[in-house]
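A.B. asks: From the sequence below, what's the structure:
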Amino acid sequence: MAKAAQKITLSPSRDIPFDKLVLSQSNVRRIKAGVSVEELAEDIARRGLLQGLNVRPVLDAEGVETGMFEIPAGGRRFQALSLLVKQKRLAKTAPIPCILRDAASDILAEDDSLAENMQRVALHPLDQFRAFQALREKGQGEEAIAAAFFVTPQIVKQRLKLASVAPALLEVYADDGMTLEQLMAFTVNPDPARQVQVWDAVKNTWNKEPYTIRRMLTETSVRASDRRAIFVGVEAYEAAGGVVMRDLFQGDDGGWFEAPALLDRLVAEKLQAEAEALAAEGWKWIEVATDLPYGYSHGLRRLAGDPAP
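C.D. replies: Numbers count the residues shown, from 1 in each chain. Reported below is the predicted structural model:
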């Protein structure tokens, strides 16, 4: 006859006054990592305590409960709460949500502390990108999101930019089919169809480095460091309706001009205007071009003039 599985009994939860709690020496976390205690305190002050503390009764020499409780798991949250109490933003007797472990439990305090820190799973970057996007869609601005999660607005902008990559490529990244650096490279071109086209072209080749992806996505554009772009200027180009594509993750020398035909027209018009200004000085022959044609000096000779008094 099959034996019935034993029922699991979970530790009870209980609100314990803050001044009855002490940090346990069994807490395995010794080295600071991640969000600072100050930032965690501000987060608790803003949204409350999202996760209770794991506590055990403190026993005296005779094994009798003293009314105090030690915290083997949740030390950083306790330190953040202590900071709020010190700042007089939280009452010393405020009830703190706790999970109460029996003092006679076979599970060691160090075991609980280690498990809480090792069993957690870090949020996947893609989930963070989508969460930021959801917050923005619900009305929160980039500055507000950055302040709430203690990051710079630039980081929020980068995450939101990543979330705008073609959904098919986001799924590839979620399945570990590409690296984060490769995913970031696709943000230089906002066209999802072109992004997918480029990935299909490189995914089965040896040369699918981020710089290759960026080059393929911008091959029909003109870098802002190009002499034509410098000659016309970003302001004049954008005033004429041109769009500049930028990379939030790497230095891009000012981005890429997405309308080469428009840029060439503006170059020609500005060159012609410069030529007309020179013609007004009395020159009889002026020819303008973005490049000197091959053999342009054939048949020409240098004239040595006499300096005027």
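
A.B. asks: quick one: the helices in the stretch 151-300 of the chain?
C.D. replies: 153-162, 167-174, 180-185, 192-202, 210-217, 227-232, 234-239, 260-279 (DSSP state H, counting those that start in this stretch).

A.B. asks: Looking at those helices, which is nearest to Asp112?
C.D. replies: Across the helices of the stretch 151-300 of the chain, Asp112 has its closest neighbour in helix 167-174 (32.2 Å, C-beta to C-beta). No exception for glycine: its C-beta is placed from N, CA and C like everyone else's.

A.B. asks: So what touches the worst-scoring helix or strand of the chain on mean pLDDT?
C.D. replies: In the chain, no helix or strand scores lower on mean pLDDT, DSSP states H and E than helix 109-118, which sits at a mean of 76. With contact meaning C-beta atoms under 8 Å, 6 or more residues apart in numbering, helix 109-118 is reached by 24, 26-29, 54, 56, 70, 72-75, 101.

A.B. asks: Now flag whichever of those residues is closest to Glu269.
C.D. replies: Of all the contacts of helix 109-118, Glu269 sits closest to Arg29, with 65.7 Å by C-beta to C-beta.

A.B. asks: from what I can see Arg214 touches Met245, true?
C.D. replies: No - counting by C-beta atoms under 8 Å, Met245 is not a contact partner of Arg214; they are 10.6 Å apart.

A.B. asks: Just want to know which of the two has more residues nearby.
C.D. replies: Here Arg214 and Met245 are set side by side on neighbour count (other C-beta atoms under 10 Å), and the busier one is Arg214, at 22 against 18.

A.B. asks: how much space between the more buried one and Pro192?
C.D. replies: Note on Arg214: its distance to Pro192, by C-beta to C-beta, to the nearest Å, is 16 Å.

A.B. asks: How about Thr218?
C.D. replies: Between Thr218 and Pro192 the distance, using C-beta to C-beta, works out to 16 Å.

A.B. asks: where does this structure dip in pLDDT?
C.D. replies: Confidence mapping of the chain against pLDDT under 70 gives the ranges 1-4, 28, 30-35, 117, 120-121, 248-253.

A.B. asks: Show me the strands in it, by range?
C.D. replies: 13-17, 21-23, 53-59, 65-73, 95-100, 222-223, 244-245, 256-257 (DSSP state E).

A.B. asks: Check which helices and strands the longest one sits against.
C.D. replies: Using 3 or more C-beta pairs under 8 Å, 6 or more residues apart in numbering; DSSP states H and E, the elements in contact with strand 65-73 are strand 21-23, strand 53-59, helix 109-118.

A.B. asks: The first one now?
C.D. replies: Other elements packing on strand 13-17 under the criterion 3+ C-beta pairs under 8 Å, 6+ apart are strand 95-100.

A.B. asks: Sheet partners, orientation included, of the strand it packs on?
C.D. replies: strand 13-17 (antiparallel), strand 53-59 (parallel) (DSSP bridges).

A.B. asks: The closest residue to Leu180 other than its chain neighbours: neighbour count?
C.D. replies: Once its chain neighbours are removed from consideration, Leu180 has its nearest residue in Pro125; the separation is 6.3 Å (C-beta to C-beta, 6 or more residues apart in numbering). Other residues near Pro125 come to 14 when the count uses other C-beta under 10 Å.

A.B. asks: Kindly report the same for Val232.
C.D. replies: Taking other C-beta under 10 Å as the neighbour definition, Val232 ends up with a count of 23.

A.B. asks: State the distance from the spatially closest residue to it that is not a sequence neighbour to Glu219.
C.D. replies: Distances taken as C-beta to C-beta, 6+ apart put Leu266 closest to Val232, at 4.7 Å, once the chain neighbours are dropped. Noted for Leu266: a distance of 21 Å to Glu219, by C-beta to C-beta.

A.B. asks: list the contacts for the closest residue to Arg228 other than its chain neighbours?
C.D. replies: In space, and not counting its chain neighbours, Arg228 is closest to Val267: 5.0 Å by C-beta to C-beta, 6+ apart. Neighbour list for Val267: Arg228, Phe231, Val232, Thr290 [criterion: C-beta under 8 Å, 6+ apart].

A.B. asks: give the contact list for the last one.
C.D. replies: Residues counted as contacts of Thr290 (C-beta under 8 Å, 6+ apart) are Arg228, Asp264, Val267, Leu271.

A.B. asks: Find the residue closest to Gly73 in space, skipping its chain neighbours.
C.D. replies: Slight slip there: residue 73 is Ala, not Gly. Nearest one to Ala73, counting by C-beta to C-beta, 6+ apart, is Asn54 at 3.6 Å.
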